[in-house]
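Chemist: Got a predicted structure here, sequence first:
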Amino acid sequence: MSGEGTRMRVVVGCRPEPRARDALVLGMLLARQLGAGVVLAHVRPPALPGAGVGAVDAEWRAFLREESDRLLDDAQDRLRDWAPELPVERAIDDHRGSGRGLARIAERHRAALVVIGPAPGGRTARVALGSTADQLLHGSPVPVALAPRGFADHPPPGIARCTIAYQRESQPSGVLTCGVEFARRLHADVRLLTLVLRPVRLYSGKQHRAAEHQVLRTAREQARQDLAAAMHEIEVPADGETAEGDDVRTALDAVTWADDLLICASGRVGPVKRVFVGDASHKIVRNARTPVMVLPRGVRADLWDVS
């Protein structure tokens, strides 16, 4: 790195919840492999709810400051124990929306990505989406990485492979090269994954079953051809894999995961250079059993260049 001011930064959202460690551990692993610094970020309410004024308002603000300091002190102590070599900064934003506040912090710090944990009440080993994730997945200026519930309980030593969810006909420009570049910076392997969903059975009878089988055979062959073309395009060693299922969840469950980061794209609709998760990516995120990173629309491979 050329200096403190030009170091890549990873923003980690810190919240007063038991599962906040999931984001902290994922952020630590990514920062360590990227040679980046960590920005411990907390978003707090901007003012006292209701009509509090004067001394009451001052007490509320003092309480918020103390809670923010306590939360970030705890996160910083944990990072110091786990990875004392990592440079750590702290950032606080006052905003009613925690996701929007994290997006503002990411812009101020010119972050490489934002890392958050699962929403409360989600399924173990799955990514759980709440209001923070929803706001980031519909407006973050940088990639958003989401840790599955329980990730911190049995963390891997690092991200060994980046699996890029690939669908040629709907793949936004730049996602493939950007995903490969991120894998290179992590010193991780590359895998391209295409999900092949079986057609919905609307009718019974041999004739309709034959038509469904033909549709599935065509989809399989097209997926294989698209993966072969994509692997030739990226010109780096990579594996290509298709996974079949009746829906996104069963297809993803058929995949073998080994210390992966699953990378997927924003939808084609939405503001350029912002994350705007589409229906397909939303289903992938909700059903992933491994950390997921969603790239902004219009992303380019030089996204992580630091000047």
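Modeler: Alright, I've got the coordinates.
Chemist: how distant is stretch 68-81 from the center of its chain?
Modeler: 22 Å (Cα atoms, centre = their mean, to the nearest Å).
Chemist: do the same with stretch 115-135
Modeler: 11 Å.
Chemist: what's in contact with that stretch?
Modeler: Stretch 115-135 is contacted by residues 10-13, 15, 17, 19-24, 26-27, 30, 97-100, 102-103, 136-137, 144-151, 285-289, 291-292 when judged by Cβ atoms under 8 Å, 6 or more residues apart in numbering. (Glycine included, C-beta is placed from N, CA and C.)
Chemist: What's the mean pLDDT across that stretch?
Modeler: Average pLDDT, stretch 115-135: 86.
Chemist: How about stretch 84-98?
Modeler: 95.
Chemist: got it, and stretch 33-40?
Modeler: If you average the per-residue pLDDT over stretch 33-40, you get 97.
Chemist: what sits up against it?
Modeler: Residues from elsewhere that reach stretch 33-40, judged by Cβ under 8 Å, 6+ apart: 1, 4, 7-12, 14, 27-28, 30-31, 72, 75-76, 79, 86-91, 105, 109, 111-112, 158-159, 185-188, 304.
Chemist: Take those residues and keep only those in helices.
Modeler: In helices, defined here by DSSP state H, the members of the contacts of stretch 33-40 are 27, 28, 30, 31, 72, 75, 76, 79, 105, 185, 186.
Chemist: Can you classify the residue nearest to residue 284 when sequence neighbours are not counted by secondary structure?
Modeler: Take residue 284 and drop its neighbours on the chain: the residue closest to it by Cβ to Cβ, 6 or more residues apart in numbering is residue 264, 5.1 Å away. When classified by DSSP: H, G, I helix; E, B strand; the rest coil, residue 264 comes out as strand.
Chemist: Now do the contacts for residue 264.
Modeler: Each residue near residue 264 by Cβ under 8 Å, 6+ apart is listed here: 164, 165, 281, 284, 285, 292, 293, 294, 295.
Chemist: quick one: which of those is most hemmed in?
Modeler: Of all the contacts of residue 264, the highest neighbour tally under other Cβ atoms under 10 Å goes to residue 294, namely 29 neighbours.
Chemist: Tell me which residues touch the residue lying closest to it once chain neighbours are set aside, please.
Modeler: Ranked by Cβ to Cβ, 6+ apart and with sequence neighbours excluded, the top spatial neighbour of residue 294 is residue 144, at 5.1 Å. By Cβ under 8 Å, 6+ apart, the contact set of residue 144 is 113, 114, 115, 116, 133, 136, 137, 275, 293, 294.
Chemist: I'd guessed the last one sits against residue 266; true?
Modeler: Yes. Residue 294 is within contact range of residue 266, at 6.3 Å (criterion: Cβ atoms under 8 Å).
Chemist: Mind listing the shared neighbours of those two?
Modeler: Common neighbours of residue 294 and residue 266 (criterion: Cβ under 8 Å, 6+ apart): 275, 277, 281.
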